[in-house]
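Trainee: Turn this into a model:
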Amino acid sequence: MSWRHGHVSVRGASGDRRHVDVLLRAQEAYASIAPITGEMRFGWYIRSLHKWAANLMIFAMFLHVVRVYFTGGYRSPRQLNWLVGCSLLGVTLTFGFTGYSLVYEELSFWGATVACNLADAVPLVGPYIGHFLRGGPEVGENTLTRFYILHIGFLPTLTMALIGLHIFFVRLHGVTELKFEDEKVPVKERFFKFWPDHATTELLIGVLLMYLLTIMALVFPAGLGEPADPTTTPPHIKPEWYFYFSFRLLKLTSLKVRVVLTMAFGAAIFLWPFIEEWLQKRFRLSDSFSVAMGVLGFFGFLVLTVWESLA
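Mentor: The predicted structure is shown next:
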């Protein structure tokens, strides 16, 4: 949890400096990012910190959800906290998507276009969602404005609220551990004081995090692709790595099938505490069933992601 909170802090601080210099006009969005990357003093460093903090935050969120699942941290009485955690994962992915869409390079424009087309394919309400995201019939200036408001206004507020709720539930119910780990430690030694234990740990993690992000910013600075050209579709375009699995699934199926499968998969993950409880009551399944389903889902995600990365 400390790593994820650190990523939120770094992204917020670096993003606050950047958003002052970003213009919302579609024709000027790309041109406003270029000086940050190439001319502004330490602008490339701030932008690189922002980019890599976002990527590490998403990666940490994925790992945290996997960890909570396999330690059974979604079971009673922690079902509500699982819902909050899954919501945080969704918000984090939306952060990443809206963030790189604002750059308005080829990846940004066509990624936003594909996302809006996917929204159109949602049964019943799809066209309304797609039109709302675009702010009109096609991706353009209104789309940037809406993504910008989401990225710097709505999503940060929602994130802080969900983190606060998440911490409240953790304090209320405690943290789950693997059974063999929990049994080795006496009950009185399973709790740590905020000062100096927890505060020192947070400080150390913060320093290590900034050190890691600085190395990544120096070795892999955030680049800038070609400016978006709505009239020409580039031959090779890919989303960010955390959407590789979805992009590969789109290549293997039709648009509507991909949307339905993704919605079903997302709903199953979100509601899994209640689905598992119902299955155990109905069919008397053991915990190994949930472990098997988790392994299957994790490796399915991993295979699709690696497959797309190598394509």
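Trainee: pretty sure A217 contacts H50?
Mentor: No: taking contacts as CB atoms under 8 Å, A217 lies outside contact range of H50: 9.3 Å. C-beta: built from backbone N, CA, C; applies to glycine.
Trainee: and the spatially most central residue of the chain, what element?
Mentor: The chain has L93 as the residue nearest its centroid, 2.7 Å off, counting by CA atoms, centre = their mean. Secondary structure from DSSP states H and E places L93 in helix 79-101.
Trainee: Which strands or helices does that helix pack on?
Mentor: Packing contacts for helix 79-101, counted by 3 or more CB pairs under 8 Å, 6 or more residues apart in numbering; DSSP states H and E, involve helix 43-70, helix 106-120, helix 141-149, helix 155-173, helix 255-270, helix 272-283.
Trainee: Please give me every residue in contact with the residue nearest to the centre of the chain.
Mentor: Listed by CB atoms under 8 Å, 6 or more residues apart in numbering, the contact partners of L93 are I58, Y242, F243.
Trainee: ok, so of these, who is nearest S108?
Mentor: F243 (12.9 Å; CB to CB).
Trainee: how near is that closest one to L304?
Mentor: 11 Å (CB to CB, to the nearest Å).
Trainee: circling back: per-residue confidence for the residue nearest to the centre of the chain?
Mentor: Model confidence at L93, given as pLDDT, is 96.
Trainee: Contact partners for I129?
Mentor: Counted by CB under 8 Å, 6+ apart, I129 has contacts A119, D120, V122.
Trainee: Pull the number of nearby residues for the nearest residue to L133 once chain neighbours are set aside.
Mentor: Spatial nearest neighbour of L133, chain neighbours left out: C116 (5.1 Å); criterion: CB to CB, 6 or more residues apart in numbering. By other CB atoms under 10 Å, the residues close to C116 number 18.
Trainee: ok, C116 touching G140?
Mentor: No: at 10.9 Å, C116 does not count as touching G140 under the criterion of CB under 8 Å.
Trainee: Dump the contacts of L93 into a markdown table; add distance to Y74 and neighbour count as well.
Mentor: Formatted as a markdown table, the contacts of L93 follow (distance: CB to CB, whole Å; neighbours: other CB atoms under 10 Å):
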| residue | distance to Y74 | neighbour count |
| --- | --- | --- |
| I58 | 20 | 20 |
| Y242 | 21 | 18 |
| F243 | 24 | 19 |
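Trainee: between those residues, which is nearest G126?
Mentor: F243 (18.5 Å).
Trainee: In contact with the closest one, which residues are there?
Mentor: By CB under 8 Å, 6+ apart, the contact set of F243 is L93, F97, G111.
Trainee: go with 10 Å
Mentor: L93, G96, F97, G111, V114, A115, L250, T305, E308 (CB atoms under 10 Å, 6 or more residues apart in numbering).
Trainee: Since that was my last question, I'll sign off now.
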